[in-house]
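**Q** For reference, the sequence and a predicted model appear below.
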Amino acid sequence: TNPRRHELIDATMLSMFSRPIARNARRLLSTTISKVGQQGVPAAVVTQGNKAFPAGAKIPENMTRAGAHGAREVKVESNDYYDGLSDHYYLFQQDWEGMVSKEREAFKEAFFGENIKRVLDPSCGSGEQSMALAGLGLDVVSTDPSGGLVAKCAENAQKLGYAKQVTAMQSDFLNLTKDVEGPFDAIVTKGSSLPHLHTDSDLLQALKNFHALLRPGGIVNIGVRDYDYFIKQKTRVYPRQVKVGETEGDEHIIFDVWEWHKGAEGQQLVNFNTFHIAGEEGTTEYKTSKYVTTFRALFRKEMESLLEQAGFQEIQVGKVDGWLWENVYRARRPL
């Protein structure tokens, strides 16, 4: 355990916590950072082709074949992180349905006049963006390396009535052209998923895959954490959510401890140590789980250069209103 982590619990972080949890936050966070939590257990899934569904679940008829190209085990560095968090991934948002609604409005504006009908979401997670896109009447192919999150995406599509529009399957950025068939009118990857690739060569290959899967004139919409801001702030602790669960008294605290370091090519990397503390208000019994993954701190100039090298044009950078932490890159495959 690194004793300097105790110094990271400051007033700024605690101010993010709302009552009634605030009074417990300092004690819980101190205990968590000083004692490494137990590693999460990946969710059990069954696979059909490259698709994954919860163990024991009935596999939807429309999700058993479309988009799959034989069985292939998807192995990437981040799988343990996201598989472990998959059952609680919705807790990363204080208002999951509100986020879907906000994303839907953002996509509606971004796609206006673009004749978008078929979209690839290659980092679907539990389906936030895929549900937003389906809510606009679009057909969506939703992929993710994490079998646990693909299962959640498929489950949410069923629950929200989008099962006929959403095809959920496992794939990763570097193998998309092997697993899915284009062309797509648009490709959307949000939540700063692309920086799970650490080298320029891998990032460029992923963007070239996007380019190959788009129709001429198609667009990409890529969200990347604003690392130019975070590196200046020397961010070490990043509060995510404090949330009361569905059961009365059920409490969840989620936060990251960031560790900045350099990669073999001199690129800036950052380890995310994500802690999930769960318990019941008024008790002293809280379970702490820790999940670790590494991101490339992908800066704006680097991202713009990579998009150009991949063959994209009309590169624009903006923000979704109110989400200052993420830069959204929009670019077009030339006609």
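**A** Structure's in. What do you need? Residues are numbered from 1 along each chain as shown.
**Q** Where do the helices of this protein begin and end?
**A** Assigned by DSSP state H, the chain shows helices spanning 11-14, 22-34, 79-85, 96-110, 128-134, 147-160, 176-179, 200-213, 227-233, 300-309.
**Q** how about the closest residue to residue 115 other than its chain neighbours, what does it touch?
**A** Nearest residue to residue 115 in three dimensions, chain neighbours excluded: residue 185, at 6.8 Å (CB to CB, 6 or more residues apart in numbering). Every C-beta, even on glycine, is put in place using the N, C-alpha and C of the backbone. Contacts of residue 185 were listed using CB atoms under 8 Å, 6 or more residues apart in numbering, and they are 114-119, 214-215, 218-219.
**Q** Sort out for me which of those are in strands.
**A** The strands, defined by DSSP state E, take in 118-119, 214-215, 218-219 from the contacts of residue 185.
**Q** Going through the contacts of residue 185, which ones are buried?
**A** 116, 118-119, 214, 218-219 (16 or more other CB atoms under 10 Å).
**Q** Dump the contacts of residue 185 to CSV, plus distance to residue 175.
**A** Listed next are the contacts of residue 185 as CSV, based on distance: CB to CB, whole Å:
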residue, distance to residue 175
114, 27
115, 28
116, 24
117, 25
118, 20
119, 19
214, 17
215, 21
218, 20
219, 22
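**Q** Tell me the one among the residues you listed nearest to residue 127.
**A** Taking CB to CB as the measure, residue 127 sits nearest to residue 119 out of the contacts of residue 185, at 12.9 Å.
**Q** what about stretch 118-134, average pLDDT?
**A** When pLDDT is averaged along stretch 118-134, the result is 94.
**Q** next one: stretch 273-291
**A** For stretch 273-291, the per-residue pLDDT averages 83.
**Q** tell me how far the ends of that stretch are from each other?
**A** Taking CA to CA, to the nearest Å, stretch 273-291 runs 6 Å from one end to the other.
**Q** Could you list the buried residues of that stretch?
**A** 273-279, 286, 288-291.
**Q** go on, stretch 304-311?
**A** Neighbour-count burial for stretch 304-311 flags 304, 306-307, 310 (criterion: 16+ other CB under 10 Å).
**Q** picking up where we left off before, in TSV, list the buried residues of stretch 273-291 along with distance to residue 196.
**A** Listed next are the buried residues of stretch 273-291 as TSV, based on distance: CB to CB, whole Å:
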residue	distance to residue 196
273	16
274	14
275	19
276	19
277	24
278	25
279	30
286	29
288	24
289	20
290	18
291	13
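**Q** Between the two ends of stretch 259-272, how far is it?
**A** This stretch, stretch 259-272, spans 7 Å end to end (CA to CA).
**Q** and that stretch, which residues are buried?
**A** Here stretch 259-272 shows 267-270, 272 as buried, counting by 16+ other CB under 10 Å.
**Q** farthest pair in the buried residues of stretch 273-291?
**A** 273 and 279 (19.5 Å).
**Q** Let me know which of the helices of the chain is tucked in deepest.
**A** The highest average neighbour count among the helices of the chain, using mean count of other CB atoms under 10 Å, belongs to helix 128-134 at a mean of 28.
**Q** quick one: low-confidence parts of the stretch 51-200 of the chain?
**A** 51-96 (pLDDT under 70).
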